[in-house]
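J.: No sequence on hand, only this structure:
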């Protein structure tokens with residue numbers, strides 16, 4: 001049996017189409033709309049065969065980051081939206097309004113003695129520190145962490161070898 005190699009190109013930001021923001025709705029071809037709230041979307045993604053939820057603990061986050069980025073939903077209204085530098089903690093970024101945004105956790109580090117997740121936001125280089133920020137690996141806010149980040153954390157299985165069949169041959 002011959003194996004074929006499939007190349008999956010990485011899309012750069014310049015290749016994305018313009019994004020038109022609308023609160024909790026998304027235009028679809030038939031003119032209707034679907035619910036695109038962060039919690040609804042991430043919950044459905046995490047139920048698929050290739051995605052799974054991550055335990056809401058600092059240890060689980062660190063372990064998962066050894067495999068790759070983590071998709072999370074969080075509360076962006078409030079402290080997160082005005083973040084400029086430092087580390088957002090459960091005390092500085094309460095979780096009191098619900099999930100309304102998604103970001104990627106791409107690593108963890110120690111900033112001024114605080115263990116923190118490194119997040120990549122989609123709002124451009126004007127947010128945070130050139131589009132990146134730090135959220136503490138604490139579990140305050142009744143276990144939900146800074147900005148509710150622990151409520152919906154998911155990752156995907158990245159094993160593409162199972163797609164090695166005639167449908168994907170080069």
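T.: Done, it's in. It should be emphasised that the depicted structure is a prediction, and the values quoted were computed from it without experimental measurement.

J.: End to end on stretch 123-143, go ahead and measure it.
T.: Stretch 123-143 has an end-to-end distance of 27 Å (Cα to Cα, to the nearest Å).

J.: quick one: contacts of it?
T.: Contacts to stretch 123-143, defined as Cβ atoms under 8 Å, 6 or more residues apart in numbering, come from residues 56-58, 61-62, 74, 83-91, 93-95, 105-106, 108-109, 111, 114-121, 145-150. (Each C-beta comes from the backbone N, C-alpha and C, glycine too.)

J.: out of those residues, which are buried?
T.: Among the contacts of stretch 123-143, those classed as buried by 16 or more other Cβ atoms under 10 Å are 56, 58, 61, 74, 83, 87-90, 93-95, 105, 108, 115-119, 121, 145-150.

J.: If the residue nearest to residue 120 when sequence neighbours are not counted is in a bridge, with which residues?
T.: With sequence-adjacent residues excluded and distances taken as Cβ to Cβ, 6 or more residues apart in numbering, residue 120 is closest to residue 104, at 4.7 Å. Taking DSSP bridges as the rule, residue 104 bridges to residue 71, residue 120.

J.: Tell me who's in contact with residue 104.
T.: Taking Cβ under 8 Å, 6+ apart, we find residue 104 in contact with 69-72, 119-120.

J.: returning to what we had before: narrow the contacts of stretch 123-143 to those in helices?
T.: Cross-referencing those against helices under DSSP state H gives 58, 61-62.

J.: So which helix or strand of the protein has the lowest pLDDT on average?
T.: When the helices and strands of the chain are scored by mean pLDDT, DSSP states H and E, helix 38-46 comes last with a mean of 44.

J.: Which parts of the protein are strands?
T.: 51-53, 70-74, 87-88, 101-111, 114-120, 132-136, 152-156 (DSSP state E).

J.: Columns mean pLDDT and distance to residue 126 on top of those, output as CSV?
T.: Putting the strands of the chain into CSV (pLDDT from 0 to 100; distance: least, Cβ to Cβ, whole Å) gives the following:
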stretch, mean pLDDT, distance to residue 126
strand 51-53, 82, 30
strand 70-74, 93, 19
strand 87-88, 96, 17
strand 101-111, 93, 15
strand 114-120, 94, 14
strand 132-136, 96, 12
strand 152-156, 86, 26
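
J.: which residues does residue 109 contact?
T.: Contact analysis of residue 109 by Cβ under 8 Å, 6+ apart lists 115-116, 118, 134.

J.: tell me the two of those that are most distant?
T.: Based on Cβ to Cβ, the longest span within those runs between 115 and 118 and measures 11.0 Å.
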